[in-house]
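Asker: Attaching a predicted model along with its sequence, questions to come.
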Amino acid sequence: MSKPPSATANAHAGLPVRREALDSSSSLAVVHDSTAYLAALLPDPALPTVAEQTQDVLDQIDKVLAQCGTSKRKILMAHIYCADSRHFDEVNTRWDAWVPWHDPPVCNYVVAKLLSPRHKVSIQVVCGV
């Protein structure tokens, strides 16, 4: 005999999912159950420094969060991807200046191969709405 669905499953089953379009195969952001899930955002690869690329991504995050009806003050988690571990100090300088010091999110730092060798950083966030 199978168990009946849980109250949690029933409570979330009817919640709408809103998608901020990127293209036909991926969303820039998805909002569900008072949470916004952003795609990992990439900077303009023409920007020459890691600091400039980081600031470009942070500016994009601000815009997407605003489209989702929220702001960086409600970021719950961030995944910060760098092409080289030597870039983390430069990324952290920009991140620390941008993120609300009294509301810091959980951060995961990952060294990863990014879209192209010119991309030095990418950041993905999950945020309350």
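Answerer: Received, thanks.

Asker: Show the low-confidence segments of the chain, by residue range.
Answerer: Scanning the chain for pLDDT under 70 picks out the ranges 1-15, 22.

Asker: can you give me the helices in it?
Answerer: Here the chain has its helices, by DSSP state H, at 7-13, 50-67, 88-98.

Asker: Can you give me every residue that contacts residue 78?
Answerer: 95, 99, 105, 106, 107, 108, 123, 124, 125, 126 (Cβ atoms under 8 Å, 6 or more residues apart in numbering). Using the backbone N, CA and C atoms, a C-beta is placed for each residue, glycine as well.

Asker: Let me know the closest of these to residue 21.
Answerer: When the contacts of residue 78 are ranked by distance to residue 21 (Cβ to Cβ), residue 124 comes first, at 17.3 Å.

Asker: Skip the chain neighbours and tell me the closest residue to residue 120.
Answerer: Leaving aside its chain neighbours, residue 120 sits nearest to residue 50 (4.7 Å; criterion: Cβ to Cβ, 6 or more residues apart in numbering).
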